[in-house]
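Q: Model the structure of this input:
(one chain, ligands or ions: 2)
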Amino acid sequence: MQVAILSARTGWHTDELCRALAARGHVASVLPYEGLRSRFGASTAMTSDGTPLLAADAVLARIIPNGSLEQIIYRVDALHWLEDRGITVMNTPRAIERSVDKFYTTALLQDAGLPTPDTIVCERADEAMAAVRELGDVVIKPIFGSMGHGLVRVSDPEVALRVVRALEQTRAVFYVQRAIAHDGRDLRVFVVGGRVLGAIERTSLDGDWRTNVSRGGAARAFDVPPAWADLAIRAAAVVGADYAGVDLLPSSSGDIHVLEVNGIPGWQGLQRATGLDVAGAIVERLVAMVIGSAKAGPHGGNVESAVGRSIVP
Ligand SMILES: Nc1ncnc2c1ncn2[C@@H]1O[C@H](COP(=O)(O)OP(=O)(O)O)[C@@H](O)[C@H]1O
Ligand SMILES: [Mg+2]
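A: Ligands and ions are numbered 1, 2, ... in the order given. Predicted coordinates:
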């Protein structure tokens, strides 16, 4: 199988994916989104740095690099178009769109009846302030953020006003969420193909309320109780992610909240703590999807042709 890994850059994650693909007899190319070139007219083609993408069996969509609104929409729409042409794209652009936007993820989790903290999303600064007054102790998050960047916890309305005014200058959308009292730990559950691959418990650095490993949080392997595993699996399914990092926050009083579903998750901390072959699990899921789509048609033909095609013409 020929797999194109679209990514911001090469690094540990793309190395792991290439290793896992090679170990299973597949061929990988790591290609940049910036290199995407689409041609329409006499012939139709999409390449990245000259490598044709329509000949790939699958595209693994890793981190979509920061860019202008036009660049981001072009990159995601390119994934949609590849999918429309019958290429297996993982995670699907639909799942990426849903999980990258905390507003949309929260709305879908809520609709599915999964426990999420009370949250208000708005554009107007006065409505953001009203949300702070209503919810009390809150976390204000960027709706497109990750790794704990840009999260602010406020309870004092005067401090909140400064934060809201500063964010207003950046034309942010306000995502105001009730802060959950917790014991300085949360869980990252890694779901692949509708099953829990593994999980870590993350404990924050120096009592910080953010537990992200990227903020210095310590990680240890965690045996997820079946009810929480079920919650994580349902959360990944709600956004349609074939693999996802689901953040679960157990409160001090014993209940649990789904905080986010990361559709472009990293797994270095998880792998270090658990010893799991995460890339191997992702690749096996991808292969199963390619074979499944080949069987299902209409684009894929038979399994042999799907597996035998080459990325290089
Ligand atoms: N409502 C909340 N109450 C308490 N802690 C929170 C809340 N939301 C987030 N946190 C903490 O901040 C971390 C990052 O939040 P998250 O929503 O996962 O954003 P990011 O996408 O930046 O990881 C969480 O892992 C958790 O430790
Ligand atoms: Mg998170």
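Q: Show me how far stretch 274-292 is from its chain's centre.
A: Relative to its chain's centre, stretch 274-292 lies at 16 Å (C-alpha atoms, centre = their mean, to the nearest Å).
Q: With only the CA atoms kept, save it in PDB.
A: Backbone C-alpha positions of stretch 274-292 (Å, rounded to 0.1, in the frame of the first residue of the first chain) are rendered in PDB as follows:
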ATOM      1  CA  THR A 274       2.600   2.800  28.200                       C
ATOM      2  CA  GLY A 275       5.100   1.300  25.800                       C
ATOM      3  CA  LEU A 276       2.200   0.800  23.300                       C
ATOM      4  CA  ASP A 277       2.900   0.800  19.600                       C
ATOM      5  CA  VAL A 278       0.500   3.600  18.800                       C
ATOM      6  CA  ALA A 279       1.600   4.200  15.200                       C
ATOM      7  CA  GLY A 280       1.300   0.400  14.600                       C
ATOM      8  CA  ALA A 281      -2.400   0.600  15.800                       C
ATOM      9  CA  ILE A 282      -3.100   3.600  13.600                       C
ATOM     10  CA  VAL A 283      -1.500   2.000  10.500                       C
ATOM     11  CA  GLU A 284      -3.500  -1.200  11.100                       C
ATOM     12  CA  ARG A 285      -6.700   0.800  11.300                       C
ATOM     13  CA  LEU A 286      -5.800   2.600   8.100                       C
ATOM     14  CA  VAL A 287      -5.100  -0.600   6.200                       C
ATOM     15  CA  ALA A 288      -8.400  -2.000   7.400                       C
ATOM     16  CA  MET A 289     -10.200   1.100   6.100                       C
ATOM     17  CA  VAL A 290      -8.500   0.900   2.700                       C
ATOM     18  CA  ILE A 291      -9.500  -2.800   2.400                       C
ATOM     19  CA  GLY A 292     -13.000  -2.000   3.600                       C
END
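Q: Could I get the buried residue list for it?
A: The neighbour-count check on stretch 274-292 (16 or more other C-beta atoms under 10 Å) flags 274, 276-283, 285-287, 289-291 as buried. All C-beta atoms are positioned from the backbone trio N, CA, C, and that covers glycine.
Q: go on, stretch 219-227?
A: 219, 222, 224.
Q: who touches residue 65 in this structure?
A: 8, 9, 32, 33, 34 (C-beta atoms under 8 Å, 6 or more residues apart in numbering).
Q: Regarding it, what is its secondary structure?
A: coil (DSSP: H, G, I helix; E, B strand; the rest coil).
Q: try the one 5 residues further on
A: In terms of secondary structure, residue 70 is helix; the call rests on three-state DSSP.
Q: got it, and residue 89?
A: Per three-state DSSP, residue 89 ends up strand.
Q: hmm, back to that, are any of the contacts of residue 65 buried, and if so which?
A: Once neighbours are counted (16+ other C-beta under 10 Å), the buried part of these comes down to residue 33.
Q: Of the contacts of residue 65, which is the nearest to residue 267?
A: residue 8 (16.0 Å; C-beta to C-beta).
Q: What separation do you get for the nearest residue to that closest one once chain neighbours are set aside and residue 201?
A: Excluding its sequence neighbours, the residue lying closest to residue 8 (C-beta to C-beta, 6 or more residues apart in numbering) is residue 65, at 3.9 Å. Using C-beta to C-beta, to the nearest Å, we find residue 65 at a distance of 30 Å from residue 201.
Q: what's the answer for residue 286, then?
A: Relative to residue 201, and taking C-beta to C-beta, residue 286 is found at 28 Å.
Q: cool, residue 187 as well?
A: 6 Å.
Q: got any residues that touch both of these two?
A: With C-beta under 8 Å, 6+ apart, residue 187 and residue 201 have common neighbours residue 222.
Q: where do the strands sit along the stretch 51-200 of the chain?
A: 51-52, 58-61, 88-90, 119-122, 138-141, 152-154, 174-178, 185-192, 195-203 (DSSP state E, counting those that start in this stretch).
Q: Report the strands that pair with the first one, each with its relative direction.
A: Strand 51-52 has the following sheet partners, assigned by DSSP bridges: strand 45-48 (antiparallel).
Q: In contact with the residue in the stretch 101-250 of the chain that ligand 2 sits nearest to, which residues?
A: Closest approach between the stretch 101-250 of the chain and ligand 2, counting by C-beta to the ion: residue 247, at 4.4 Å. Counting by C-beta under 8 Å, 6+ apart, residue 247 touches 186, 187, 188, 189, 258, 259, 260, 261, 262.
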